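Visitor: Fold the following for me, if possible:
(one chain, ligands or ions: 1)
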Amino acid sequence: MTHNDQQYPTPRVDQINSAFVEAWAEGVLRLQVCGACGQETFYPRPLCPHCWSSDLGWTEHDGKATLVSYSLVMRPNHPAFFEETPIILAEIALRDGPTMLARVICDDPTQIRSGLLLELLPAEEGKKYPLPTFRPVL
Ligand SMILES: [Zn+2]
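Guide: Numbering: from 1, shown residues only. Predicted coordinates:
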């Protein structure tokens, strides 16, 4: 629940993404890893985008990352976010891993810039967000 008592929209959970979504409910970032080529991928999918193998398993990532680029969303498309603008939506390069789009929580959005080091929100704080959410490393 947010300050305005709106539920955040949640991802549709299916056979492909359930391990990812359920891990984040515990504050863990879980990525697919290919058994054939060894590369980690994001987002969850049935085939490795690098070698087309279906031999995909799961691995945990520590969430250390670098902000590549971002947008400040001033007019969110869901009421749950209205009182939280600007929303920081960022392209994030996971350390030794793939890139992903994710939300960054920062009290002062003027501090956000490309190259900023990021980490996952701590599990207790992060659980309120339905998808992996990051914060600047201070
Ligand atoms: Zn592969």
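Visitor: Distance of residue 29 relative to residue 20?
Guide: To residue 20, residue 29 is 8 Å away according to C-beta to C-beta, to the nearest Å. All C-beta spots, glycine's among them, are computed from the backbone N, C-alpha and C.
Visitor: Tell me the helix or strand right after the worst-scoring helix or strand of the chain on mean pLDDT.
Guide: When the helices and strands of the chain are scored by mean pLDDT, DSSP states H and E, helix 123-126 comes last with a mean of 90. Sequence-wise, the next helix or strand downstream of helix 123-126 (DSSP states H and E) is strand 133-136.
Visitor: and that following strand, which residues are buried?
Guide: For strand 133-136, the buried set under the neighbour-count rule, 16 or more other C-beta atoms under 10 Å, comprises 133-136.
Visitor: in its sheet, what does that strand sit against?
Guide: strand 99-104 (parallel), strand 117-120 (antiparallel) (DSSP bridges).
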